[in-house]
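Visitor: For reference, the sequence and a predicted model appear below.
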Amino acid sequence: MQHKKGLIILIIIAAISVIFGAKSIISKIASKPAFSFTFNSDSDSDIEDFESEFDEDFDSEDFSRGKTFNKILNLTKNRDLDESVTSTKKPYISVICITGVISEENKTYNQKWLLKQIKKAKSDPNNRGILLNINSPGGTVYESDEAYLALMEYKNSTKKPVFAFFGSLAASGGYYIGCSADTIFANRNCLTGSIGVIAGGSLDATGLLDKIGVKMTTITAGKNKNMGNYNAPLTEEQRAIMQSIADEAYEQFTGIVADSRKMSITAVKELADGRIYTASQAKKNGLVDEVCSLEEAKNKIRELMSKDGDDKKGETINFVERKYRYEENWMSLLSGAASFAKNPEASVYGLLGSSAGKCLYLYQ
């Protein structure tokens with residue numbers, strides 16, 4: 001009986017997903033699709049350079065030529081990753097927004113998208129640099145470091161500057177990526193720092209399971225293979241293993257801060273106890289350079305670029321914003337329901353122990 005009830009629930013979820021997916025497709029056919037960036041500039045002269053790129057509609061010609069089905073299939077794709085961006089005709093700074101938790105992919109952040117924006121800026125002759133607009137609590141060690149290295153490679157290969165502006169929060173992995181910048185600006189209400197590491201989490205649910213009469217056994221080969229699972233307490237040996245991972249990631253983090261901020265490793269470690277700092281505290285401790293608004297940061301960047309000779313022709317350097325936008329579609333809803341139906345135990349385990357085995361530069 002319980003299995004039948006579970007099956008009925010899954011069928012209802014799938015049906016709802018199909019209905020909402022159909023509505024989404026209809027709404028998209030009736031209007032232009034959404035795209036991956038907004039254009040911000042002191043001048044409107046460059047906007048026309050982008051308009052032709054995004055002028056696709058579902059018209060009668062498409063229906064007659066049988067193209068509609070392919071366009072509907074394209075709605076399931078992430079256009080933020082697929083669409084190319086036309087270069088501007090004037091020099092510009094690419095403002096790349098880093099928002100939310102840094103990971104491989106979520107609704108506010110996408111690693112592939114970020115790396116693609118850096119690559120585009122690198123290959124565009126009219127690009128004069130990158131301004132990172134960071135509002136993030138941090139995230140995974142791997143993605144934070146990969147983004148940092150991509151930005152450093154951009155600087156070293158193009159000899160163009162990278163700047164960073166910290167919004168309301170630029171902590172841990174957000175600060176880590178910001179260390180790629182030559183100059184760091186921070187909003188006066190920003191919280192930053194949180195230089196430290198979380199080497200996974202261990203949720204011990206054995207007491208609860210015993211209390212409700214549930215016993216789960218995981219068959220393993222290797223005494224530490226089940227480390228971090230909710231059905232087994234963490235041993236002292238396992239605690240030491242995870243601590244060694246955290247220590248190694250911490251050394252990497254503090255080393256990068258020391259190199260970026262021209263500080264001794266001893267001075268950095270005195271600050272890097274995991275705490276967060278206000279913008280004024282961060283400036284006092286050498287973690288940021290200026291406390292100002294985003295617009296003030298842009299004006300200061302123009303001044304710096306002019307001094308460096310990049311604005312010698314008298315042309316104004318514009319700022320073009322790139323911002324990742326996630327859009328739910330019916331395929332993602334159906335795949336989520338199908339994944340749960342296929343392996344509900346894995347989904348439950350993901351909820352109970354989602355941080356196990358992950359190393360994080362994250363402010364919690």
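Guide: Received, thanks.
Visitor: For the closest residue to Gly196 other than its chain neighbours, give me its contacts.
Guide: Nearest in space to Gly196, with sequence neighbours left out and distances taken as CB to CB, 6 or more residues apart in numbering, is Gly274 at 3.4 Å. Where you see a C-beta, it was placed from the backbone N, CA and C, and this is true even at glycine. With contact taken as CB atoms under 8 Å, 6 or more residues apart in numbering, Gly274 is in contact with Ser194, Ile195, Gly196.
Visitor: if I pick the last one, what's in contact with it?
Guide: What it means is Gly196. Ser172, Tyr250, Phe253, Ala272, Asp273, Gly274, Tyr361.
Visitor: what's the spacing between it and Tyr175?
Guide: 10 Å (CB to CB, to the nearest Å).
Visitor: Over to the first one?
Guide: Ser194 sits 7 Å away from Tyr175, going by CB to CB.
Visitor: Quick check, pLDDT for Thr316.
Guide: Looking at Thr316, its pLDDT is 80.
Visitor: no wait, Lys90
Guide: On the pLDDT scale, Lys90 gets 86.
Visitor: Quick check: it touching Asn126?
Guide: Yes - using CB atoms under 8 Å, Lys90 is in contact with Asn126, at 6.6 Å.
Visitor: shared neighbours of those two, which are they?
Guide: Contacts common to Lys90 and Asn126, judged by CB under 8 Å, 6+ apart, are absent.
Visitor: Find the nearest non-adjacent residue to Ala181, please.
Guide: Ala164 (3.7 Å).
Visitor: Strand partners (parallel or antiparallel) of the strand or helix carrying that neighbour?
Guide: Assigned by DSSP states H and E, Ala164 belongs to strand 162-171. The pairing partners recorded for strand 162-171 under DSSP bridges are strand 127-136 (parallel), strand 183-186 (parallel), strand 191-193 (parallel).
Visitor: Kindly present the ones you listed as CSV, with separate columns for distance to Gly286 and mean neighbour count.
Guide: Below are the strands paired with strand 162-171 laid out as CSV (distance: least, CB to CB, whole Å; neighbours: other CB atoms under 10 Å):
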stretch, distance to Gly286, mean neighbour count
strand 127-136, 18, 24
strand 183-186, 10, 24
strand 191-193, 11, 25
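Visitor: ok so, going back, overlap in contacts, Ser194 and Tyr175.
Guide: Residues touching both Ser194 and Tyr175 (CB under 8 Å, 6+ apart) are Gly138.
Visitor: Who has more neighbours out of the two?
Guide: Tyr175 (32 against 25; other CB atoms under 10 Å).
Visitor: Give the buried residues for the helix or strand encompassing the more buried one.
Guide: Per DSSP H and E, Tyr175 falls inside helix 173-178. For helix 173-178, the neighbour count (16 or more other CB atoms under 10 Å) marks Gly173, Gly174, Tyr175, Tyr176, Ile177, Gly178 as buried.
Visitor: which residues touch the third one?
Guide: For Tyr175, the set of contacting residues under the criterion of CB under 8 Å, 6+ apart consists of Gly138, Phe166, Thr192, Gly193, Ser194, Ile195, Val257, Leu287.
Visitor: what's the closest non-adjacent residue to Asn285?
Guide: Leu271 (5.5 Å).
Visitor: Verify the stated contact: that neighbour with Leu287.
Guide: Yes - with contact defined as CB under 8 Å, Leu271 counts as touching Leu287 (7.0 Å).
Visitor: which neighbours do those two share?
Guide: Gly193, Tyr277.
Visitor: neighbour count winner among the two?
Guide: Neighbour count, other CB under 10 Å: between Leu271 and Leu287, Leu287 has more, with 27 against 19.
Visitor: Phi and psi next, for that one.
Guide: Phi and psi for Leu287, reported as degrees, to the nearest 10, are phi -90, psi -20.
Visitor: That one touches Arg261, doesn't it?
Guide: Yes - between Leu287 and Arg261 there is a contact at 6.5 Å, judged by CB under 8 Å.
Visitor: Let me see the ranges of the strands in the stretch 201-350 of the chain.
Guide: 276-278, 290-291, 318-322 (DSSP state E, counting those that start in this stretch).
Visitor: Most tightly packed of those?
Guide: strand 318-322 (a mean of 22; mean count of other CB atoms under 10 Å).
Visitor: That one vs strand 127-136, what angle?
Guide: Orientation note: strand 318-322 sits at an angle of 50 degrees relative to strand 127-136 (axes from the mean of the first three to the mean of the last three CA atoms, to 10 degrees).
Visitor: Next, give me the two most distant ones among the contacts of Gly196.
Guide: The span of the contacts of Gly196, defined through CB to CB, is set by Asp273 and Tyr361 at 14.3 Å.
Visitor: Can you show me the helices along the stretch 201-350 of the chain?
Guide: 206-211, 236-261, 265-271, 279-284, 294-307, 330-342, 344-352 (DSSP state H, counting those that start in this stretch).
Visitor: what about Val268, distance to Thr220?
Guide: Separation of Val268 from Thr220 (CB to CB) stands at 39 Å.
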